[in-house]
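In: turn this into a model:
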Amino acid sequence: MMSVQELRLTPEQLEGTEATLSQWLFNVGDAVQEGEPVVELETDKVAIEVVAPCSGTLQEQKFQSGDKVEPDSIMALINTETGSADAEIPVSGHVESVSAPQQTVADVSEVKDQSCRHLMGPAVRKLVAEHNLDIELMQGSGRGGRITREDVLSYIASGQAEKATSSAAVNTAVAMGDMNSRMVPHSSMRKAIAKHMVESLLEKAPHVTSVFEMDMSNIIEHRKWHKKEFEDKGVKLTFTAYFLAASARAMAAVPDMNAQFHEDALEIFQSINIGVGTALGDKGLVVPVVKNVQAMDLFGIAQALDDQTQRARDNKLTPFDMKGGTFTISNHGVSGSLMAAPIIINQPQVAILGIGKMEKRVEVVEVDGRDDMRIRPKCYVSLSIDHRAVDAHQTNAWLSAFVSEIENWGGVKL
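Out: Reported below is the predicted structural model:
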């Protein structure tokens, strides 16, 4: 008797959000192994792989690429009956008995190879996209002709990729004349970012930005003395860790910045959960959240940041990692930006902090009653606020407290 198990999308995997089916990694009739990724989905922030709960044959797919999938949905059925992977698969409707022409084993293998060529995991697809490669020109060594990471790397190393790219560029130029372009479909993440930005800036929050200048001398010196101490414990000490610690302290001066605006009230949070914008190249931006920053020392903050940044770049963040933020920091200076205004608020929060590029600047100081000049490492810091929730006085008070924490560093326990 046939035994069937369900491939189910559990609520824990989505944390209550909806997902879009990106692609099936196996076709109906393929053999799958327990723990092997079977289907890939995308939420507005992360990619999710759903793995097989058992070994068997993929009997039925309940959704197709592009479909919306709700939590607790049954995505597929897996036949766990031992024996041939080519067991009968029930289909709906009446099927007439017809005589099919004979096929050789070689013919069947060739069709199988072609049907599985496009099935690639997220890491492989990312590598293909980064190098703008045509998978039709590659040989897949995986099961059913599936292209593996090693296949892509070998193809690049062989030099064939450069030749193919050059040839494609010439052909495109000839066909299009001066209109040399290509259409890149938006990912679910890019669509969600676009929708969120328009809603925040144009439909919900009137943005106002205040800008201060900040001296980084103290934290540069502090980091120089403690960087190796952190590294010996397996943690990178970045300036961003100082920014999170100083932000949490500034919230004590102006609690209204750690809040959410409602039509009839301002909800002020005790827990300070700070999201940090992390760029993923052309894929977009994610904002993992460091929770309860107010309860952490500098080492704990640095450790949490290090872990989340690495998992973001490895595409291993979960929906939980990006939920519950009460404030956001955009360290846009790492890419060379001096100032950005306004930085669009991450709704439903009421403020977002921007840190610009650090550079040496001349400042005038009074020494013994006379003006003197000195060179200091400085950067611009901006706070964009939802003017429905807070005013200029609170904005400047928060920035003053934040800048004071950085410029007079030394109060955070290591």
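
In: surely Pro11 touches Glu70?
Out: No: the pair Pro11 / Glu70 is not scored as a contact, 9.3 Å apart, by CB atoms under 8 Å. (Glycine included, C-beta is placed from N, CA and C.)

In: by mean pLDDT, flag the weakest helix or strand of this protein.
Out: helix 105-116 (a mean of 38; mean pLDDT, DSSP states H and E).

In: what's the burial count for the residue lying closest to Val276 once chain neighbours are set aside?
Out: Distances taken as CB to CB, 6 or more residues apart in numbering put Ile329 closest to Val276, at 5.4 Å, once the chain neighbours are dropped. By other CB atoms under 10 Å, 21 other residues sit near Ile329.

In: please apply the same query to Asp386.
Out: Other residues near Asp386 come to 22 when the count uses other CB under 10 Å.

In: residue contacts, it?
Out: 204-207, 261, 345, 349-351 (CB atoms under 8 Å, 6 or more residues apart in numbering).

In: out of these, which end up buried?
Out: 205, 207, 261, 345, 349-351 (16 or more other CB atoms under 10 Å).

In: which of these lies closest to Ser3?
Out: Gln349 (49.5 Å; CB to CB).

In: residue ranges of each domain in this structure, please.
Out: The chain breaks down by automatic domain parsing into domains covering 4-85+102-171, 188-407.

In: least reliable of those domains going by mean pLDDT?
Out: Confidence, taken as mean pLDDT, is least for domain 4-85+102-171 of these (a mean of 72).

In: can I get the CA coordinates of the one helix or strand the residue nearest to Val276 maps to in PDB?
Out: Taking DSSP states H and E as the criterion, Ile329 maps to strand 327-330. Provided in PDB are the C-alpha atoms of strand 327-330 (Å, rounded to 0.1, in the frame of the first residue of the first chain):
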ATOM      1  CA  PHE A 327      14.900  52.000  15.800                       C
ATOM      2  CA  THR A 328      17.200  51.800  12.800                       C
ATOM      3  CA  ILE A 329      20.700  52.800  11.900                       C
ATOM      4  CA  SER A 330      21.900  53.300   8.300                       C
END
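
In: what distance do you get for the residue nearest to Val208 when sequence neighbours are not counted to Leu41?
Out: The shortest distance from Val208 to any non-neighbouring residue, by CB to CB, 6+ apart, is to His387 (4.8 Å). His387 sits at a distance of 38 Å from Leu41 (criterion: CB to CB, to the nearest Å).

In: more neighbours: those two, which one.
Out: Neighbours around His387 and Leu41, counted as other CB under 10 Å, are more numerous at Leu41. The numbers are 24 against 14.

In: now for the residue nearest to the more buried one when sequence neighbours are not counted: which residues touch it?
Out: Using CB to CB, 6+ apart and skipping residues adjacent in sequence, the residue nearest Leu41 is Ala19, 4.0 Å away. By CB under 8 Å, 6+ apart, the residues touching Ala19 are 9, 41-43, 48, 68-69.

In: from these, which is closest to Met138?
Out: For these, the nearest to Met138 is Glu42 (24.2 Å; CB to CB).

In: the closest one contacts Ser22, doesn't it?
Out: Yes: counting by CB under 8 Å, Glu42 does reach Ser22; the two are 5.0 Å apart.

In: so Asp306, which state does it fall into?
Out: Under the three-state scheme (DSSP: H, G, I helix; E, B strand; the rest coil), Asp306 adopts helix.
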